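S.K.: When you get a sec, could you give me coordinates for this:
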Amino acid sequence: ILFAESSTDIFNTMQLSTLAVYWASLIGFVNLMRLLIINIEKRLHIFEYTFKNTLVFGTNRKARNVIRDIRDNPHLLKHIVGVVDRKAKTDTLEGFPVVKEYHNLPQLIHEHRVEEIIVALHDSAKEDLLNIIAICDRMQIVVKTLPELQAVVSGRSGAIDDGPIVRAFPDNMMLWQWLIKRMIDFFAGIFAIVFLAIPGAILAFIGWRKFGRFPVGKIPIVGKQGRLFNMLLFHIDADDMLTTGYRGGSEQQLSAYGEWLYRTQIYKLPMLLNLLRGNVSLVGPRPEPLCWYREFSGKLRLLHRRLMVRPGITGLAQMKYRFESSQTDMRERLKYDIFYSENISLNLDLRILLRSLLILLGKLIG
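M.R.: Numbers count the residues shown, from 1 in each chain. Below you'll find the predicted structure:
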């Protein structure tokens, strides 16, 4: 219609010009209003442009430079409420009071409504840095540090900071990537259930006849953000050894059939239902019960970082260590879990899945 040669064209040149001007004006007006609203928000410091109450850790030259940078750059939107350093030799730094103890840090955060913490300690103060992160991260406080301390905690420069500050625990995946990860979990679960329905039914029947009980049991597991759910597993013994076996019971107490289920990991087959429900993911930290977290929470710092992602049927630490055989080297295993949660990506998931399949095939063949 637009290119008709008849004199009775629906749109002539004037009408097309008017339409083009209309759309250009509309787009320009919308963008102008957006810029105006953003400008008003910045001027009034409202919504995402409000100042964030910030604590600075350290009284050295680096901490002093951080404070001066924040003071000279109001666009960073940071409002310093105080300085903390247990080894401080002064009571004030750049006009801010210095607190010389860490034990009342949670109270200090609540009193001043702190939203962000900047750690500018000496390179040698690694223990202090980890203790600070362990306290603040549980309270949902953003922790940032200097680039030279990246060897202690993984991180990357914040995109909106415009300064030499590194966020301790950045978000490595965008929302659409999380959606793709969940879709992969869901469709992989459906495919696996359809493909393994008959073998699973046969294993369930054998377990029922051999152990004289319902073949599937459940264990209360701590999931993402600390939410509890019941994880489904095949029973591996006539007695109630499901939890004991899952947490490292002796294989010598099992029958040949139970030991085979245990060794090949096939006893985890019912977890596919948890995968469909979104309780677990294909890749993630090993699912652990509440009693496990109670046992190790006081011994392992940053243990709660495992709860930032869904537990997984397989994972980085699960490939390197066999959790069922012992509970030693927990700190090393925790390092792998934290590394995964802070470097999570679809590419990393794919590599872990491929390697896990090779390991599983080796166990089945062997």
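
S.K.: which ones are touching residue 234?
M.R.: Residue 234 makes contacts with 203-204, 207, 215-217, 261, 266-270, as judged by Cβ atoms under 8 Å, 6 or more residues apart in numbering. (Glycine included, C-beta is placed from N, CA and C.)

S.K.: Narrow those to those in helices?
M.R.: With helices taken from DSSP state H, the overlap with the contacts of residue 234 comprises 203-204, 207, 261.

S.K.: Among the residues you listed, which one lies nearest to residue 68?
M.R.: The shortest gap between residue 68 and any of the ones in helices among the contacts of residue 234 belongs to residue 261, at 63.1 Å (Cβ to Cβ).

S.K.: For the closest one, give its distance to residue 126.
M.R.: To residue 126, residue 261 is 43 Å away according to Cβ to Cβ, to the nearest Å.

S.K.: Please apply the same query to residue 44.
M.R.: 41 Å.

S.K.: quick one: which of the ones in helices among the contacts of residue 234 is nearest residue 87?
M.R.: Distance to residue 87 across these (Cβ to Cβ) is lowest for residue 261, with 54.9 Å.

S.K.: Pull up the per-residue confidence for that closest one.
M.R.: Per-residue confidence (pLDDT) for residue 261: 85.

S.K.: now do residue 243
M.R.: Looking at residue 243, its pLDDT is 51.

S.K.: Skipping adjacent residues, who's closest to residue 360 in space?
M.R.: Counting by Cβ to Cβ, 6 or more residues apart in numbering, residue 360 lies nearest to residue 265, which is 6.7 Å off, once chain neighbours are set aside.

S.K.: quick one: the helices in the stretch 151-300 of the chain?
M.R.: Using DSSP state H, counting those that start in this stretch, the helices found in the stretch 151-300 of the chain span residues 175-211, 242-246, 256-264, 271-277, 290-296.

S.K.: Please name the nearest non-neighbouring residue to residue 186.
M.R.: Once flanking residues are discounted, residue 186 sits nearest to residue 276: 6.5 Å by Cβ to Cβ, 6+ apart.

S.K.: now, which of the contacts of residue 234 sits nearest residue 346?
M.R.: Minimum distance to residue 346 across the contacts of residue 234 is 22.9 Å, recorded for residue 268 (Cβ to Cβ).

S.K.: Cross-check the contact I'm expecting between that closest one and residue 233.
M.R.: Yes: between residue 268 and residue 233 there is a contact under Cβ atoms under 8 Å: 6.0 Å.

S.K.: follow-up on the earlier one: compare neighbour counts for residue 261 and residue 126 and give me the winner.
M.R.: The neighbour comparison of residue 261 against residue 126 (other Cβ atoms under 10 Å) goes to residue 261, with 24 against 14.

S.K.: tell me the contacts of that one?
M.R.: Residue 261 neighbours (Cβ under 8 Å, 6+ apart): 203, 234, 236, 267.

S.K.: What's the separation between the second one and residue 91?
M.R.: To tie it back to what came earlier, the one meant is residue 234. 64 Å.

S.K.: In the stretch 1-150 of the chain, where is pLDDT below threshold?
M.R.: 1-11, 148-150 (pLDDT under 70).

S.K.: and what of the stretch 151-300 of the chain?
M.R.: Low-confidence segments of the stretch 151-300 of the chain (pLDDT under 70): 151-164, 238-253.

S.K.: same thing but 50
M.R.: Residues of the stretch 151-300 of the chain meeting the criterion pLDDT under 50: 155-163.

S.K.: center of the protein, which residue is that?
M.R.: Per Cα atoms, centre = their mean, the C-alpha nearest to the average position across the chain is that of residue 308, at 3.6 Å.

S.K.: That one and residue 224 touch, don't they?
M.R.: Yes: the criterion here is Cβ under 8 Å, and residue 308 meets it with residue 224 at 7.4 Å.
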